[in-house]
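Chemist: Compute the structure for the input listed below.
(2 chains)
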Number of protein chains: 2
Amino acid sequence: MPDTPPSVTLDDIHDAASRMAQHVHRTPVMSSRLVDEWLGCRAVFKCENLQRTGAFKFRGACNAVMSLTDAEATRGVVTHSSGNHGAALAEAARLRDIPAYVVMPSNAPSVKRQAVEGYGGRVTECAPTLEAREQTAARVIEETGATLIHPFDDLRIIAGQATAVVELCEEARQLDAIVCPVGGGGLASGTALATHFLSPDTEVLLGEPEAVDDACQSLMQGRLIPVGNTPTIADGLKTSLGEHTYPIIRDYVSRIVTVSDDEIIEAMRFIWTRMKLIIEPSSAVAVAAVRKDRDRLSSQQVGIIISGGNVDLDHLPWIKRPI
Amino acid sequence: MPDTPPSVTLDDIHDAASRMAQHVHRTPVMSSRLVDEWLGCRAVFKCENLQRTGAFKFRGACNAVMSLTDAEATRGVVTHSSGNHGAALAEAARLRDIPAYVVMPSNAPSVKRQAVEGYGGRVTECAPTLEAREQTAARVIEETGATLIHPFDDLRIIAGQATAVVELCEEARQLDAIVCPVGGGGLASGTALATHFLSPDTEVLLGEPEAVDDACQSLMQGRLIPVGNTPTIADGLKTSLGEHTYPIIRDYVSRIVTVSDDEIIEAMRFIWTRMKLIIEPSSAVAVAAVRKDRDRLSSQQVGIIISGGNVDLDHLPWIKRPI
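Modeler: The predicted structure follows:
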């Protein structure tokens, strides 16, 4: 436990929940006997893959957009995330009827661009470098006065992501552990704080791909280690922790379990087969982590946050394609 | 409207619901703005793909198994359906701790056999002909005294399948139409009767593959036309109506919309992409039928029964495989 109070309070989380109440889907909490047998514990799944825009990201984006003053909102919002956060921000902005500017590298897959545009986002292309992204975002801000909404290292985003656990704790009491994946740490820090406030005896576990185990390394070394560049099937998690998310994770997470790409794909396919839910590789990381940690979690009551379901259905990792 | 009362009463359906209450999943009812835009109506989806064993079939099987006297139950149940009904019956029998004998043709895919055995069913193989199936089932009955549970042409099965609509009508009031797929007609007749009793102003529509449009032909010609042998991606629907299901469908269904395999695959992929739900081709038939009928259903409130989610994930219809 830290000496300083957490940067996001329970009030912040409750405010986020009321701010987004009319917009967010209250996603179902599901379970399966056969999955329990496979995992060796009693698991409940909070299905944020069934959230608007197909991922928990809509919660944070919605809280951030609905937190803006009218004057700020009129000028719009901007981000340089081309993944789930870009789509979520576009959808949240659409609901407030304000522009969302999404800066995307010119080599982004066309499906991602189409998703953002499908929710009404205005895409600005830039060269595929971090520098070009930031410069382009800065230019959009200068031209429009839009507010930058960071995909995870933002207290409004963290409070928004935390609301999934508020709902989970209302439906599943006495959880021994809550597990979610960690990338930049928006979901992980929100999950850790909400659990700390609402169910302090529940431990928080994170799943992380072995290939990009920077969060695990950061906890072990006691300082923020940036992510490397190794490829992983769970590419949505290839992100360093941030200044806000790192200390929360350091102070409120029990442990991080790393899993291989093979374990991720196995867990993904198992959930597709048994639960009929489309979960993306990042979500499967949390499931694979629970299975890997089954000796410690044996027979426990475990809540798993299924973070999203955005998958390219033409390229499933278990299907070999013609060359 | 017929002169004679329906063969399954509202009491039968309510009895089925209470009989299975502790066993059946109350599946979620979901909706999606983007799917509504695509369909041109306001659709709610009753997600029986998230039912135990991955299909609505568990409802009927559970009602049939739980209806048996203790003396009957001890001797077990038998069926010669190798698909979703076989798995559902095995699971229902497991819950009552009685044997389920499932007669399967020797050429049935091994995944189907594994599914039945995974739920504890005892598989008896037979030659891949209708005659061999029936003879083998008769032999099992003679040897064990087990009760034959037909996959659809059985009043307990029809009453069981009807309970999905009971739940749907509790959550989605004032539906203009309820739509489900039709194969042998267990779900279709249960849906038609429950709608007739609980929401008499709601019309019932069925979706059927063009390739096996025997139910549509039966309604048009006013007599039970058996199914032909044309292949369709929705092979779960390649079944003739039965003596019990045909008259109910004739009397209580408004119309049948037939759809092509291309339309079925398009609808299946759209729901996977947008709703993150794994639905099988038979379920996509109902969705495709709503889209095809969009001029008549325009802006209406439509309930769609998603019948199941059992799909071979190695062979998805939109992915070309190496030869």
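
Chemist: could you point out which element follows the lowest-mean-pLDDT helix or strand in chain A?
Modeler: None of the helices or strands of chain A scores lower by mean pLDDT, DSSP states H and E than helix A:110-118, at a mean of 88. From helix A:110-118 onward toward the C-terminus, using DSSP states H and E, the following helix or strand is strand A:122-126.

Chemist: Let's test this: mean pLDDT of that next one, rounded?
Modeler: Across strand A:122-126, the average pLDDT comes to 94.

Chemist: List the buried residues of the least confident helix or strand of chain A.
Modeler: Using 16 or more other Cβ atoms under 10 Å in any protein chain shown as the burial criterion, the residues of helix A:110-118 that qualify are A:112, A:113, A:115, A:116. Quick note: C-beta positions are derived from backbone N, CA and C, even for glycine.

Chemist: Could you do stretch A:286-295 as well?
Modeler: A:286, A:287, A:288, A:289, A:290, A:291, A:292, A:293, A:294.

Chemist: same deal with stretch A:234-246?
Modeler: Buried residues in stretch A:234-246 (16+ other Cβ under 10 Å): A:234, A:235, A:236, A:237, A:238, A:239, A:240, A:241, A:242, A:244, A:245, A:246.

Chemist: my read: the third one touches residue A:283, true?
Modeler: To tie it back to what came earlier, the one meant is residue A:236. No. Using Cβ atoms under 8 Å, residue A:236 makes no contact with residue A:283, being 9.1 Å away.

Chemist: Now do the least confident helix or strand of chain A against strand A:122-126, angle only.
Modeler: Relative orientation of helix A:110-118 versus strand A:122-126 (axes from the mean of the first three to the mean of the last three Cα atoms, to 10 degrees): 140 degrees.

Chemist: In terms of secondary structure, what does helix A:110-118 contact?
Modeler: When contacts are defined as 3 or more Cβ pairs under 8 Å, 6 or more residues apart in numbering or on different chains; DSSP states H and E, helix A:110-118 sits against helix A:84-96, strand A:100-105, strand A:122-126.

Chemist: Between those, which one is closest to residue B:264.
Modeler: Nearest to residue B:264, of all the helices and strands packed on helix A:110-118, is helix A:84-96, at 27.5 Å by Cβ to Cβ.

Chemist: now that closest one, how far from the centre of its chain.
Modeler: With Cα atoms, centre = their mean, to the nearest Å as the basis, helix A:84-96 stands 15 Å off its chain's centre.

Chemist: Tell me if it is near chain B.
Modeler: No. Counting by Cβ under 8 Å from any Cβ of the partner chain, chain B has no neighbours in helix A:84-96; the shortest distance is 9.3 Å.

Chemist: Dump that helix to PDB, keeping only the CA atoms.
Modeler: Taking C-alpha atoms only, helix A:84-96 is exported to PDB below (Å, rounded to 0.1, in the frame of the first residue of the first chain):
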ATOM      1  CA  ASN A  84      -9.800   0.500 -30.200                       C
ATOM      2  CA  HIS A  85      -9.400   3.800 -28.500                       C
ATOM      3  CA  GLY A  86      -9.700   5.700 -31.800                       C
ATOM      4  CA  ALA A  87     -13.000   4.000 -32.600                       C
ATOM      5  CA  ALA A  88     -14.200   4.400 -29.000                       C
ATOM      6  CA  LEU A  89     -13.400   8.200 -29.000                       C
ATOM      7  CA  ALA A  90     -15.100   8.600 -32.400                       C
ATOM      8  CA  GLU A  91     -18.300   6.900 -31.100                       C
ATOM      9  CA  ALA A  92     -18.300   8.900 -27.800                       C
ATOM     10  CA  ALA A  93     -17.800  12.200 -29.800                       C
ATOM     11  CA  ARG A  94     -20.600  11.200 -32.100                       C
ATOM     12  CA  LEU A  95     -22.900  10.800 -29.100                       C
ATOM     13  CA  ARG A  96     -22.000  14.300 -27.900                       C
END
